[in-house]
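>>> I need the structure of the sequence given here:
(chains A and B)
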Amino acid sequence: MQHKQDDPITAQIKSLQRPLGGRRLLSWSLFVIAAVVCLLLPVASSRHAEELKGWLHKVPGLAEHVQPLMASMEQAFLARRPDPAVKAPAERKSHDDIHALLVAGAYTPPPPSLLGLDRVWNPGPLAQAHQPWANDCKVCHSVPFKQVMDKDCRTCHATIGDHVNAKAGEIHGLSDRSCTSCHQDHEGEFGLATQNRHFVGRDCAECHRDIKGAMPTTQTENVADFAKQHPQFRVQLAGTPPESALTRVRLEPGKPLEEPTGLKFPHDVHLSAKGIDSPKGTVRMECANCHVLQPDGLRFVPTNMKDHCQSCHALKLEPQMSNREVPHGSVPEVLTALREFYAYVAQQGGLPASAEPLTHTIQITRPGEPGAVPRSFIDLPGGVRERAAAAAAELFEKTSCVVCHEVSREAGAGLAGTPGSDLPQWKIAPVQSVHVWLPKSVFSHATHANEACTDCHQAEHSQKATEVLMPRIEVCRDCHAGTAPSVNKIVSDCGLCHGFHQPARLPVTAQLTRPSLLPTDKAGEAPPR
Amino acid sequence: MLHENLLKFASFRYLKVATLLVLGSIGAYLWHTPRTIPNGGTWLGYTLGTIGAVLILWLMFFGLRKRAYRSRLGTVKGWLSAHVYLGLSLIVVATLHTGFQFGWNIHTLAYVLMLGVIFSGMWGVYVYFRNPVLMSGMLDGKTVQQLGGSLREIDAQSRKIASNLNPDLQTLVQRSSEAAIVGSLFGRFRSQVIGCPTRRAVSVLEQLAKAEGASKPIRDLLNLQFRRLSQLDEIREFVKLKTWTDLWLLLHVPLSFALLATLTAHIVSVFFYW
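As a prediction, this is how the structure comes out:
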């Protein structure tokens, strides 16, 4: 037996019959390598950078290669860190429990990890704006085993301000929110605000699904989803002057909303498919002739007399002359212009040399109203005052002002010290100024530019300027689904239109305002469409 | 048959369990609407991740269980059946846990290692069914040891014949008898051995035997060496198949150890930088 065991052939066969060796060694080697690279080094570089640095220095031959690399990487990380000396802009100081801390430089994130060895833990792409810190984990993850805290975000976002006003912030459901409740990174390259615009809905619905139950006094209706449960829009309307408060009135089926504008403007006449008379003949008007989108793509440039009306609605002061108009201004300005003009004509014994004769005639009376324009007021009997008064009466009550404005006679003298003060006086009803109709949401007209205006706003059938041409929610739902995808519709999360407990996601200039009612040259403005 | 018991164990009990787990996971994934994009950090992500991690630990525990001969905790066959089916179900559970997010990080490394372990395991099941049948048909019903004994007899006879021939032939026969069955570690994966002394002896003797008036001892020696070479080749083919059969475990076990370390790092890191 002994002989056979020593036999080389037997020995070889025995060895070949044993399972492949080295499994245990290979297993533990891989285990150790994986543990070191994936766990121990990242933890050490994050928590024990100094010790690790000292240890690396001791490794012969490694120190001279690693040391400059360590120094340059640390420098690069620190250079990208926000500068605690950068102060918040002065005008935002009101929110200041937030940045008191930061402005004082009280909080600085912990030093970067050694060589960024913890970057192997990065679970997915950061939002584009955060990518410069992709290898500097501790700039956000400042305390191990603790979720990213608000102060970590505010290291950079010092001026972000409160998302909720202080009082609302005390409400259960909002008080325990942190930045990370809504903004979660490492979920793709799109920005966190963009992310919220599309994904915040479920969080909103957590409370708003039964907001009436939670807060019985609220005016807000329960909302769960744009498609399934969303109330009609509440349109912010002005009262009849001098009532100046803006109130929000909910659209209801069969009850079209009206808002006093102080103007007469029939959209249907202007948008008639047959066209409308103008000095250039019959023209077909379009919405864009008067409503020009602002660069923000949200709202429209306020309509005004000079740019949008006056080419047709001329304010001719003397029918014999084509090139002179009274200013589109206050009543004293108009009366003064008339008074001075007829005084000049009387003194000179005729029209000024610059006067261009009338080359075409436009019937500038309101349709259906009788009364041809007298040829001229120059030859009327009486003095300058009488001629100017007759011209004023014609202008205010028949041909011009009254076409668009509510005009009424006013007893007594005019503005003291103005030449027109001895003429009869008129009062022009105040014109409602431009204000936002839906202050709690943002609607981008620019992104809807491929739709016809009249798809949503029934302007071609509107006879009065007081009609609020806001579409009902059903019109939006023609294209917009809720959070659940629907065939041929746009998935529409709350964030698509709404900000988070903010008045609106509008630029500061769009803050809702109600300027004083000016009977001056803003009188031609109409609410934005 | 052992292999029948493995897959059909207890009327496919663990196939049913694994199918339920897979269908349940897919159903939950389809039903669940994550807040943003599907990822491991949603409640479903954490749930699937926990199931996956527990499964991995349990699957690795099989390595201990199969050695615990005195254990009464089920049979090894039952454990292996469950090991195979639940291991396969892990592909679905872990993939859904990722939410199909992959990147150059330890999380995806853990996933890739896990797939490596599972695929090597599938290879293991395949060779477990196929190769023993092939191997038992290979050596004409003889064992490798019997073939080894036969080689020794051939060598003894060859030496005897060669002792009456010239010293060159004696050396040739001696070298042939010392021929390694498998040249190196890598030789085990191939049946060919480059520069095999027996093959050389056969070719030299063939030349001599072809010559006019070749003596009987030369022809006998050629016969013996030819038999030696064919038996050697049989052993080599057998060893090759056995090596490839064993190889899966050389991947399966070490990869699973690397997975264990990476999985630990994955779990720790997720909460370390929460």
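>>> looking at it, A:C309 is touching A:C404, isn't it?
Yes: A:C309 lies in contact with A:C404 (Cβ atoms under 8 Å); the separation is 7.3 Å. Bear in mind the C-beta positions are built from the backbone N, C-alpha and C, glycine included.
>>> From the chain's centroid, how far away is whatever helix or strand B:V253 lives in?
Assigned by DSSP states H and E, B:V253 belongs to helix B:216-272. Put simply, helix B:216-272 sits 6 Å off its chain's centre (Cα atoms, centre = their mean, to the nearest Å).
>>> got it, and stretch A:229-247?
Chain-centre distance of stretch A:229-247: 19 Å, with Cα atoms, centre = their mean.
>>> and if you look at stretch A:148-168?
Using Cα atoms, centre = their mean, the offset of stretch A:148-168 from its chain centre is 20 Å.
>>> Is any residue of that stretch near chain B?
Yes: on the criterion Cβ under 8 Å from any Cβ of the partner chain, stretch A:148-168 is in touch with chain B at A:V148.
>>> Neighbours of residue 75, how many?
Picking chain A for this. For A:Q75, the neighbour count with other Cβ atoms under 10 Å in any protein chain shown is 11.
>>> The intended chain is chain B.
Neighbour number of B:T75 under other Cβ under 10 Å is 13.
>>> Would you mind measuring from it to A:S272?
91 Å (Cβ to Cβ, to the nearest Å).
>>> Over to A:G201?
Taking Cβ to Cβ as the measure, A:G201 and A:S272 are separated by 43 Å.
>>> Pick out whichever of those two has more residues nearby.
A:G201 (25 against 14).
>>> residues contacting that one?
A:225, A:482-483, A:493-495 (Cβ atoms under 8 Å, 6 or more residues apart in numbering or on different chains).
>>> near chain B too, which of those residues?
A:T483.
>>> Just the buried ones among the contacts of A:G201, please.
Buried members of the contacts of A:G201, scored by 16 or more other Cβ atoms under 10 Å in any protein chain shown, are A:225, A:482-483, A:493-495.
>>> Under the pLDDT cut-off, which ranges of the chain? List them.
I went with chain A, as the question did not name one. Applying pLDDT under 70 to chain A picks out residues A:1-6, A:83-107, A:161, A:241-244, A:357-375, A:502-529.
>>> meant chain B actually
B:1-4.
>>> go with 90
Regions of chain B meeting the criterion pLDDT under 90 cover residues B:1-17, B:32-42, B:61-82, B:99, B:125-153, B:155-197, B:199-201, B:203-224, B:230-251, B:274.
>>> What ranges does it have for its helices?
Along chain B, counting by DSSP state H, helices occupy B:2-31, B:43-65, B:76-98, B:106-136, B:144-162, B:167-177, B:197-210, B:216-272.
>>> The stretch 1-150 of chain B against chain A: which residues are in contact?
Residues of the stretch 1-150 of chain B lying close to chain A by Cβ under 8 Å from any Cβ are B:33, B:35-37, B:39-41, B:101, B:103, B:105-107, B:109, B:113, B:144-145, B:148.
>>> Would you show me how to pick out the buried ones of those in ChimeraX?
Of the residues of the stretch 1-150 of chain B next to chain A, the buried ones go into a single ChimeraX selection, burial set by 16+ other Cβ under 10 Å:
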select /B:35,36,39,40,41,101,105,106,107,109,113,144,148
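>>> tell me the SS of the residue of the stretch 201-350 of chain A found nearest chain B?
Using Cβ to the nearest Cβ, the closest approach of the stretch 201-350 of chain A to chain B is made by A:R202 at 5.9 Å. Following DSSP: H, G, I helix; E, B strand; the rest coil, we place A:R202 in the helix state.
>>> Please give me every residue in contact with the nearest residue to it once chain neighbours are set aside.
Leaving aside its chain neighbours, A:R202 sits nearest to B:R35 (5.9 Å; criterion: Cβ to Cβ, 6 or more residues apart in numbering or on different chains). If a contact means Cβ under 8 Å, 6+ apart, then B:R35 has A:184, A:199, A:202-203, B:42 as its contacts.
>>> Any idea how many residues pack against A:K274?
A:K274: 6 neighbours (other Cβ under 10 Å).
>>> Quick check: it vs A:T282, distance?
8 Å.
>>> Check A:W121 too.
72 Å.
>>> So for these two, which sits in the more crowded spot?
Counting neighbours by other Cβ under 10 Å for A:W121 and for A:T282 shows that A:W121 has the greater number, 23 against 10.
>>> Ramachandran angles for that one?
The phi/psi pair for A:W121 (degrees, to the nearest 10) reads phi -90, psi -10.
>>> now it, nearest residue through space, not along the chain?
Setting aside the residues directly before and after it, A:W121 is nearest to B:S269 in space (Cβ to Cβ, 6+ apart), at 4.0 Å.
>>> how far away is the one you found from A:H172?
Distance from B:S269 to A:H172, by Cβ to Cβ: 34 Å.
>>> Look up the closest residue to the residue of the stretch 151-300 of chain A found nearest chain B, ignoring the ones flanking it.
Closest contact between the stretch 151-300 of chain A and chain B, by Cβ to the nearest Cβ, is at A:F199 (4.5 Å). Distances taken as Cβ to Cβ, 6+ apart place B:T36 nearest to A:F199, at 4.5 Å, with adjacent residues excluded.
>>> Pretty sure the one you found sits against A:Q184.
Yes: proximity of B:T36 to A:Q184 meets the contact threshold set by Cβ under 8 Å, at 6.6 Å.
>>> Contacts only, for the residue nearest to A:W121.
By Cβ under 8 Å, 6+ apart, the residues touching B:S269 are A:38-39, A:42, A:118, A:121, B:106-107.
>>> Let me have these in CSV, adding distance to B:R236 as columns.
Formatted as CSV, those follow (distance: Cβ to Cβ, whole Å):
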residue, distance to B:R236
A:C38, 41
A:L39, 44
A:P42, 48
A:D118, 51
A:W121, 48
B:I106, 42
B:H107, 44
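>>> between these, which is closest to A:A193?
Nearest to A:A193 out of the contacts of B:S269 is A:W121 (Cβ to Cβ; 25.3 Å).
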